[in-house]
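>>> Sequence first, then the predicted structure:
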Amino acid sequence: MMDRFMITEHANRPCAHLVNDTEDLNALRVIVSLPLSVAVCMLRPAVLNPLCNMSRALTVCLMIFGAFFAQHASAQARIIFLGDSITEAGANPGGYVALVADSLAVVHPAATVIGAGVSGDKVPDLLMRLDRDVLSQDPSHVVIYIGINDVWHFFEFEGVTGTDPDVFEAGLRELILRIETQGATVLLCTPSVIGEDARRKAPVNDRLIKYAEMSRRVAEETGVQLCDLRAAFESYLAENNPSKAYEGILTTDGVHLNEAGNRFVADFMIGVLSVVLSP
């Protein structure tokens with residue numbers, strides 16, 4: 001039985017640290033007063049750049065959310081994060097799903113964020129539980145963060161196996177089709193890392209790179225919004241992991257997120273969600 005997390009009550013959580021100075025506050029007032037299409041065009045390059053300052057990027061994205069919800073106050077976003085153990089843990093306090101919910105609550109407390117992650121899941125598992133755990137929740141947006149176990153299980157753990165490339169790609173396409181058929185918007189993530197020396201030569205990493213490329217291709221060909229976590233991790237770790245450590249920068253074990261990793265993923269997700277949520 002999966003644990004299902006719904007994060008809706010964040011109105012009393014302190015968020016003042018997200019806007020750091022008078023300059024940010026003045027910018028916030030200006031951006032929120034703009035038509036959303038103008039604000040997004042102005043800010044899109046900054047929020048999609050994985051090398052930008054993430055705390056400033058978060059502030060910028062909150063500006064976009066403010067503009068969106070000011071113009072669409074009646075709309076109540078219902079965002080489901082679908083994935084594996086990274087997303088399951090992400091719904092706990094301090095996890096990336098919970099941090100996204102906290103940030104949304106600054107400008108729209110009525111927004112609902114639901115974590116639908118299950119440890120060990122691969123693409124075929126998501127397909128089996130999609131109706132029960134996602135479509136039955138009537139989402140407006142679904143974030144799919146999958147692919148680690150589809151690769152990792154070829155190399156680790158007894159009694160399991162990974163997902164063949166053709167099954168992985170076909171499964172992503174079916175997930176997208178079924179979600180969009182119900183009227184929800186999809187955001188597709190590339191799988192992040194198995195080991196924080198993301199450019200090392202190793203069979204597991206070579207395969208993960210190929211699966212990330214499949215996710216990019218599926219996003220491009222289906223027209224859904226891509227959240228290229230793999231590229232973001234590679235860029236960040238190239239700058240911040242000079243010793244090429246396997247773990248300890250953004251993860252606890254090379255895969256699962258530590259505190260810094262949860263913040264990094266949350267900030268990046270918010271940047272891309274700002275584009276997905278724009279009309």
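Thanks, I have it. Numbering: from 1, shown residues only.

>>> And residue 186, its phi and psi?
Dihedral angles of residue 186 (phi, psi; degrees, to the nearest 10) stand at phi -110, psi 140.

>>> With adjacent residues omitted, what lies nearest to it?
Among residues not flanking residue 186 along the chain, residue 224 sits closest, at 4.3 Å (CB to CB, 6 or more residues apart in numbering). Any C-beta I mention is one placed from the backbone N, CA and C, and that applies to glycine too.

>>> gap between stretch 268-278 and the chain center?
Centroid displacement of stretch 268-278 relative to its chain, using CA atoms, centre = their mean, to the nearest Å, is 9 Å.

>>> With only the CA atoms kept, save that stretch in CSV.
C-alpha atoms of stretch 268-278 as CSV (Å, rounded to 0.1, in the frame of the first residue of the first chain):
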residue,chain,number,x,y,z
PHE,A,268,14.5,24.2,-10.5
MET,A,269,11.0,22.7,-10.5
ILE,A,270,9.5,26.1,-9.6
GLY,A,271,11.4,27.7,-12.5
VAL,A,272,9.9,25.3,-15.0
LEU,A,273,6.5,25.2,-13.4
SER,A,274,6.3,29.0,-13.9
VAL,A,275,6.4,28.4,-17.6
VAL,A,276,3.9,25.5,-17.5
LEU,A,277,1.4,27.4,-15.5
SER,A,278,1.4,30.5,-17.8
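
>>> So for that stretch, mean pLDDT?
For stretch 268-278, mean pLDDT rounds to 83.

>>> and that stretch, which residues are buried?
268, 269, 270, 271, 272, 273, 274, 275, 276, 277, 278 (16 or more other CB atoms under 10 Å).

>>> Looking at these, which are in helices?
268, 269, 270, 271, 272, 273, 274, 275, 276 (DSSP state H).

>>> Quick check: the fifth one touching residue 219?
Meaning residue 272. No - here residue 272 lies out of contact with residue 219, judged by CB atoms under 8 Å, at a distance of 11.1 Å.

>>> Would you agree residue 232 falls within a strand?
No - per DSSP: H, G, I helix; E, B strand; the rest coil, residue 232 lies outside any strand segment and is helix.

>>> Give the next helix or strand downstream of the longest helix seen in the chain.
Looking across the chain with DSSP H, the single longest helix is helix 203-222. Downstream of helix 203-222, the first helix or strand assigned by DSSP states H and E is strand 225-227.

>>> Distance from the chain centre to stretch 116-130, please.
16 Å.

>>> which other residues reach it?
Residues outside stretch 116-130 that contact it (CB atoms under 8 Å, 6 or more residues apart in numbering): 2, 4-5, 80-91, 97, 133-134, 137, 144-147, 149-150, 153, 160, 162-163, 167-168, 171-172, 174-175, 178-179.

>>> Please apply the same query to stretch 137-146.
In contact with stretch 137-146 (CB under 8 Å, 6+ apart) are residues 75-84, 86-87, 114, 116-117, 121-123, 126, 134, 172, 175-176, 179, 184-189, 191, 227, 229, 269, 273, 276-277.

>>> The same query, at a cut-off of 6 Å, please.
77-83, 87, 123, 179, 184-189 (CB atoms under 6 Å, 6 or more residues apart in numbering).
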